[in-house]
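# please find the sequence and the predicted model below.
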Amino acid sequence: MANLFLFLSFFIYLICWIGFGFYFKTMKKEVLRYAQGILILGFFSHSLFWIIKLYEIFSLSILSFKDVLNFVSWELILIYFFFSFSPLEIFTAGFFLLPMVLVIFGISYLFPQQIFSPFSPHFKTLWFPIHALTGLLSHGFLLFGVNVSIMYLLQEREIKKKQLGIFFKKLPPLEYLDRVNEKCLYLGFILLSLAIISGAIWSESAFGNYWRWSPKEVITLVLWFIYAILIHQRVLIGWRGKKAAYMFLVGFSLWCISFFVINLFSKGFHTYGF
Amino acid sequence: MAFDITILLIGLNHKTAPVEIREKLSFKNFPYHPLEKLKNDFLPFKEAYFLSTCNRVEFCFILENSKKDKFLDNFISFLEKEVLLPWNELSQHIYFLENEEAVKHLFEVACGLDSMVIGEPQILGQIKEAYKEALNFKTSGIILNRLFHRCFFVAKRVRTETGIGGGAVSISYAAYGLAKKILGSLREKNLLLLGAGEMAELACMHFLSGGIKKILIANRTLSKALELAEKFKGYAYSLDELPTALTLADIVISSTSAPSYIITKNLVASVLKPRKYKPLFIIDIAVPRNVEPEVNKLENVFLYNIDDLKSVVEENLKERQKEALRAKIILEEEVFKFQKWLKELDFYPTLKALTEKAEIIREKELSKTLKKLKNLSKEEIEAIEILTRSLIQKLLYYPINFIKKSYHEEGKYAISLIRQIFELDEPFKEVSDSELEELFNISEKNKISEQKKELIQ
């Protein structure tokens, strides 16, 4: 049953991407409305999948890596809606975001169910959902920021080189992209901080120490510092635009390491499988 | 066209006539409207329309074929009298388009395909005005009404389905579009005019109507800057205060006549920090340039000089030309639709069908009668034939006259009404005697009862 909704939402997202492609080509309001309608439909089906899946996770006491990855893609759609209802009209972001969602879908499908983390007794506290949700949401904002940064860089390049091509015509103004980027930065930072704090408290209550220097913790700390530096520079000196966009890309590569390499190939309590 | 009307378009535009001829024919400083004059002179046209813009003068007439030559003679003498130029001098600048060509041309003009700047939208408004005038002078009838409504529809369709109106095609608008792309909404942004000349004033018009927050003006002579500042309710700076002004500005339009760079890379680099690296868009429309080209390499600073903007405009014009080809396909489709409508208006097929049907009935009835009357001489048979023929002609006179007279007011409704009444679109079916009897008996009975009523009263 869950898999049915999963396939359905994948299929709908695929159609939706084509819809956003049409919007990208024509820039017509009606097309956008249809594309967003389809996206809502896909999101609905995806949410149904997650309701069933959550029941499964808690009844089997198994957290599979592929589901974690899938959850991130669900968040990305949620964040898209969050920003489309803001006055910054970055609707074309859908055209760039959906491939990301589809790729994450595809990768998560490739991972076998065996890579999982069983619920040991210390999972059964309130700290687990808080830690997991804030952590994953901060990933979501990071990925959305990366997406917007790519859009920013593509357009900035055309304007600087004075070759006004397709991205100049179709993408939202640079300033808007930068402001969405800024919001992703702040929200991502707050959520990541919450995830680290809740993780530390949880660690203390379960193992007796706040910080254990596991690879995941180290990388996350580095990511947190990047965020902190970015915010510091932005507020005090005014790092924005291109520099901020590049920093997001650096953050993204670090995230890839922490999420894929360390989660899967190192041993420890943060990892999945084995 | 079997139809006995002609759509005639007579005109000239920026391609066929120099401005001296165009201004003479524009009828702009005349005490009367040309349509009024034409109408009062009783020129033999059915409908007329007149358009005059700075790039074109066009008349469109609906004429009866038979009166075309007479009309043309009258019209030419009218033109000669009004513009005081001999016809052989005028005629080389004027184009005559008929029917399909005329319709196509009108559509092209409405879409801006025939304009100096392809796809410009003003012409549609001018056509709407001209059509309103034709309505005012009551020179627009069924055909022109339909033609212009189609015209407005086609122009809208072309605008939405092709990119004919896309992209900026003037330098100042291109600059405005770029600023919007870089800075988003301009409501919270400041504009710095460097140089208080006319160029700067012209260039900032779009920004003013786009709702800029503040205008700063920096000039070599402060008094001129103050003058302009008063006009735009802005703030004046001298050139020494340029760094301060640059710190506040988001958009800079530079148009001074200074021989060397006024805004250097070092100057801009020094204000980046106090600006907190906010994006800065510099438009340099001065020749020689006022802004060092290296400035463009600084972070979050975008520099466009006059040539860059020109190439943006040229690129957009090329794009529009490509879109014009797509628009022409749509136009052809619409011209075809209009021609179809015109043909429906045509009453000849209906007249033919009507007389043919009457002829069939006549022949059938005649042969029936002739079978019964065997001993008739040739003359007698001929007399009967003449009788039937004239009977039918006299009866058909009314519907045919109705169509011919009212096609102009009621259009195809008159025709379709007749077609329905005489069942011209259905296969021929002979009316049986019993049916006839029933029908006429009822009317007889009605007549009798009416007579009775009258008697009682």
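Good, I have the coordinates. Note that this is a predicted model, so its numbers are computed, not measured. Residues are numbered from 1 along each chain as shown, chains lettered A, B, ... in the order given.
# contacting residues around the one residue in the stretch 1-150 of chain B that gets nearest to chain A?
Of the residues in the stretch 1-150 of chain B, the one nearest chain A is B:G119, at a distance of 15.7 Å by C-beta to the nearest C-beta. (Glycine included, C-beta is placed from N, CA and C.) B:G119 is in contact with B:111-113, B:164-166, B:169, B:320, B:323-324, counting by C-beta atoms under 8 Å, 6 or more residues apart in numbering or on different chains.
# cool, and A:F96?
With C-beta under 8 Å, 6+ apart, A:F96 has these contacts: A:147, A:150-151.
# circling back to that earlier point, quick check: phi and psi at the residue of the stretch 1-150 of chain B closest to chain A.
Main-chain torsions, B:G119, degrees, to the nearest 10: phi 80, psi 10.
# any idea how far the nearest residue to it once chain neighbours are set aside lies from B:S311?
The spatially closest residue to B:G119, leaving aside those adjacent along the chain, is B:I164, at 3.9 Å (C-beta to C-beta, 6 or more residues apart in numbering or on different chains). Distance, B:I164 to B:S311, by C-beta to C-beta, to the nearest Å: 20 Å.
# between these two, which one's more packed in?
A count of neighbours by other C-beta atoms under 10 Å in any protein chain shown puts B:I164 above the other of B:I164 and B:S311, at 26 against 15.
# list the contacts of that one.
When contacts are counted by C-beta under 8 Å, 6+ apart, B:I164 touches B:111-113, B:118-119, B:158, B:320, B:323-324, B:327.
# show me those that map onto strands.
Secondary structure assignment by DSSP state E places none of the contacts of B:I164 in strands.
# and the residue of chain A nearest chain B?
The nearest approach of chain A to chain B comes at A:G238, 3.0 Å away (C-beta to the nearest C-beta).
# which phi and psi does that residue have?
Summarising the backbone geometry of A:G238 under the convention degrees, to the nearest 10, its torsions are phi 100, psi 40.
# same thing with B:A236?
Dihedral pair for B:A236: phi -100, psi 140, per degrees, to the nearest 10.
# related to what we said a few turns ago, turn the contacts of B:G119 into CSV, including pLDDT.
Rendered in CSV, the data for those read as follows (pLDDT from 0 to 100):
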residue, pLDDT
B:C111, 91
B:G112, 89
B:L113, 90
B:I164, 86
B:G165, 82
B:G166, 79
B:V169, 79
B:R320, 89
B:E323, 89
B:A324, 90
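# just to be sure, B:G11 is in a strand?
Yes. Counting by DSSP: H, G, I helix; E, B strand; the rest coil, B:G11 is found in a strand.
# and the closest residue in space to it that isn't next to it in sequence, what helix or strand is that in?
What sits nearest to B:G11 in space, not counting adjacent residues and going by C-beta to C-beta, 6+ apart, is B:E58, at 3.3 Å. When elements are defined using DSSP states H and E, B:E58 is found to belong to strand B:56-64.
# for B:P274, same thing?
B:P274 is part of no helix or strand, with elements assigned from DSSP H and E.
# now the closest residue to it other than its chain neighbours, what's its secondary structure?
In space, B:P274 comes closest to B:T247 once its chain neighbours are excluded; the distance is 4.9 Å by C-beta to C-beta, 6+ apart. Using three-state DSSP, the secondary structure recorded for B:T247 is helix.
# can you tell me how far B:V312 is from chain A?
With distances taken as C-beta to the nearest C-beta, to the nearest Å, B:V312 is found 6 Å from chain A.
# contact partners for that residue?
When contacts are counted by C-beta under 8 Å, 6+ apart, B:V312 touches A:162, A:164, B:168, B:174, B:178, B:304.
# let's see 6 Å
If you count contacts by C-beta atoms under 6 Å, 6 or more residues apart in numbering or on different chains, B:V312 has them with A:164, B:174.
# cool, and A:L223?
Residues in contact with A:L223 (C-beta under 6 Å, 6+ apart) are A:L254.
# the strand holding B:E58 packs against which elements?
Contacting strand B:56-64 under the criterion 3 or more C-beta pairs under 6 Å, 6 or more residues apart in numbering or on different chains; DSSP states H and E are the following elements: strand B:5-13, strand B:47-52.
# next, the buried residues of the following helix or strand past it.
Stepping forward along the backbone from strand B:56-64, the first helix or strand reached (DSSP H and E) is helix B:68-83. Applying a neighbour-count criterion of 16 or more other C-beta atoms under 10 Å in any protein chain shown, one finds B:68, B:71-72, B:74-75, B:79, B:83 buried in helix B:68-83.
# quick check: the farthest pair among the residues you listed?
Farthest apart among the buried residues of helix B:68-83 by C-beta to C-beta are B:K68 and B:V83. That separation is 22.1 Å.
# how many other residues sit next to the closest residue to chain A within the stretch 51-200 of chain B?
For the stretch 51-200 of chain B and chain A, the shortest gap (C-beta to the nearest C-beta) falls at B:G184, measuring 3.7 Å. Applying other C-beta under 10 Å, we find 21 residues neighbouring B:G184.
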